[in-house]
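Asker: Turn this into a model:
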Amino acid sequence: MIDYYRAFRTFMAATRDPAETIAFKLKAGEMVVFDNRRVLHGREAFNPATGHRLPRGFYIDRGEIDSRIRVLSRTA
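Answerer: A predicted model of the protein is given here:
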């Protein structure tokens, strides 16, 4: 377990390294889509006095996306 915790602390330190992160601010009406299996994501602190935040999440089965891409590539 000592090796595990040492590796975990190293990993967590890397997630806070600005050189290893991408940060951007979404405008009203914008959204971000990513593969949740491949991306470690998070949010910065939010001040409700400066605006309204309505986070929403949804999940799509990977097979559904792959199928849709195959069908659309045949009709293009």
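Asker: how about the helices in the protein?
Answerer: Using DSSP state H, the helices found in the chain span residues 2-15, 62-75.
Asker: any chance of those in JSON lines, plus mean pLDDT?
Answerer: Below are the helices of the chain laid out as JSON lines (pLDDT from 0 to 100):
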{"stretch": "helix 2-15", "mean pLDDT": "90"}
{"stretch": "helix 62-75", "mean pLDDT": "88"}
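Asker: Out of the ones you listed, which gets nearest to residue 31?
Answerer: When the helices of the chain are compared by CB to CB, helix 62-75 sits nearest residue 31, at 16.0 Å. (Each C-beta comes from the backbone N, C-alpha and C, glycine too.)
Asker: Quick check: buried residues in that closest one?
Answerer: Neighbour counts using 16 or more other CB atoms under 10 Å place no residue of helix 62-75 among the buried ones.
Asker: so how far is that helix off the chain centroid?
Answerer: 22 Å (CA atoms, centre = their mean, to the nearest Å).
Asker: which residues touch that helix?
Answerer: By CB atoms under 8 Å, 6 or more residues apart in numbering, no residue outside helix 62-75 reaches it.
Asker: Kindly export that helix (C-alpha atoms) in CSV.
Answerer: The C-alpha coordinates for helix 62-75 follow below in CSV (Å, rounded to 0.1, in the frame of the first residue of the first chain):
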residue,chain,number,x,y,z
ARG,A,62,-20.1,4.5,-26.7
GLY,A,63,-21.6,1.9,-29.1
GLU,A,64,-24.4,4.4,-30.0
ILE,A,65,-21.8,7.0,-31.1
ASP,A,66,-19.8,4.4,-33.0
SER,A,67,-22.9,3.2,-34.8
ARG,A,68,-24.0,6.7,-35.7
ILE,A,69,-20.6,7.5,-37.2
ARG,A,70,-20.7,4.3,-39.3
VAL,A,71,-24.2,5.1,-40.6
LEU,A,72,-23.4,8.7,-41.4
SER,A,73,-20.2,7.7,-43.2
ARG,A,74,-22.2,5.5,-45.5
THR,A,75,-24.7,8.2,-46.5
